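> got a structure for you, letters missing:
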Ligand code: COA
């Protein structure tokens, strides 16, 4: 690679490049804030439910009481899985990654209930928000124990519905509130990689399922949504905070990345981290076992001291989800339940003022060459 190409590639990954307009959210203004449609994510996580937040992202305004009640009823009516999708889910192996399962189910739903003039994006939005927990848990129970679960539950919230399907009973109020707040924190994040992938897909005039399928695949990687699972794998290795400190120092000396730390946009801190950290502490206290929480706090301290790096949302989400009794491989799919609201808000925005997204690249390959017949190569 030439010196010029090397120096230009430092701005790779589109870091700092403005690629479009959005009115859905602002990320990282003054290095640390996150606003959904002008509202601070911290206020929303404290005072609103995820359904209010999804409505805000999709409609642009917070719902009134009657609108929210109606919205909950609409979402609740979307939980049944069509038989052809159940058949597909039953064929997927138990060791498939749950993100691959959601990606497959979303794509298959696009065949069974395609986007049409009647089946509008508005209807598909409700459908996907309502049905994703059902897809995941139907496959999970069938593949792990052969049980065909009923995906209808009495729970009014998506968080409660998911936890009920997971455990076969209503969650505690603390578990439901913690899970609900985490959905709010994960709901939207500007032109992150998965949202951008979704916008690129629909900018070709592909259907909305293609956009969401592309987004799910993009979210699955460990540098994006998969980081919460990797953070769990890291913290559960340690037996206590001192062990964690020694392990992190060793990993840093070996120039390894610590999953759940660092961020492309935030420069001072991730405003979502303290919220989920608070829920992780409450869950630890309720269990009477704060080992994982204390290990996480020590990792946070060591990373700040050694690297001046702060945790992103994924780091304390790991201990919070674990303490809610959620298996690690289901962490990233929860991100899908939430981010579907943000993805679709962006798909709507992309369609309103669409232009094919097709950037250019700087060519760094060979100069033009003369064709050689095969016997002369
Ligand atoms: N642990 C240790 N060092 C890290 C780090 C981490 N989690 N994240 C970044 N760094 C270091 C890099 O090694 C690099 O150091 P160098 O300049 O000495 O080579 C420097 O910080 C810049 O990192 P880079 O990966 O180029 O920054 P980026 O803007 O491309 O990356 C992330 C942003 C989020 C991809 C990156 O911080 C990361 O991989 N974090 C872990 C995965 C994660 O938590 N993802 C969820 C994001 S919400």
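Thanks, I have it. Quick caveat, the model's predicted, so the values are computed rather than measured.
> interface residues of this protein facing the ligand?
13, 15, 223, 227, 257-264, 307, 312, 314 (Cβ under 6 Å from any ligand atom). C-beta here means a position set from N, CA and C on the backbone, and glycine is covered the same way.
> run the last query once more with 5 Å
Listed as neighbours of the ligand in the chain under the rule Cβ under 5 Å from any ligand atom: 223, 227, 257, 258, 259, 260, 261, 262, 264, 312.
> which parts of stretch 201-221 are buried?
Within stretch 201-221, the residues that qualify as buried by neighbour count (16 or more other Cβ atoms under 10 Å) are 201-203, 207-220.
> Number of residues surrounding residue 38?
Counted with other Cβ atoms under 10 Å, residues neighbouring residue 38 total 10.
> And it, what's its pLDDT?
On the pLDDT scale, residue 38 is placed at 96.
> Ok, residue 10 next?
pLDDT, the model's per-residue confidence, is 51 for residue 10.
> ditto for residue 265
Residue 265 is assigned a pLDDT of 87 by the prediction.
> likewise residue 317?
According to the per-residue confidence, residue 317 scores 97 in pLDDT.
> dump the residue contacts of it.
For residue 317, the set of contacting residues under the criterion of Cβ atoms under 8 Å, 6 or more residues apart in numbering consists of 182, 185, 228, 231, 260, 276, 331.
> Highest neighbour count among those?
Comparing these on neighbour count, residue 182 comes out first with 30 neighbours (neighbours: other Cβ under 10 Å).
> element containing that residue?
Taking DSSP states H and E as the criterion, the element that holds residue 182 is helix 173-186.
> Quick check: buried residues in that helix?
When burial is assessed from 16+ other Cβ under 10 Å, helix 173-186 yields the following buried residues: 175, 176, 177, 178, 179, 180, 181, 182, 183, 184, 185, 186.
> chain center to it, what's the gap?
14 Å (Cα atoms, centre = their mean, to the nearest Å).
> pLDDT (mean, whole number) over that helix?
For helix 173-186, the per-residue pLDDT averages 98.
> going forward can the numbers begin at 362, since that is how I track them
In the new numbering, first residue 362, that becomes helix 534-547.
> Check whether residue 512 sits in a helix, strand or coil.
Recorded secondary structure, residue 512: coil (DSSP: H, G, I helix; E, B strand; the rest coil).
> looking at it, it is touching residue 525, isn't it?
No. In this structure residue 512 lies outside contact range of residue 525 using Cβ atoms under 8 Å: 10.1 Å.
> picking that back up, and the buried residues of helix 534-547, which is closest to the ligand?
residue 547 (10.0 Å; Cβ to the nearest ligand atom).
> got the contact list for the closest residue to the closest one other than its chain neighbours?
When the adjacent residues along the chain are set aside, residue 547 lies closest to residue 699, with 3.8 Å between them (Cβ to Cβ, 6 or more residues apart in numbering). Listed by Cβ under 8 Å, 6+ apart, the contact set of residue 699 reads 411, 543, 544, 545, 546, 547, 548.
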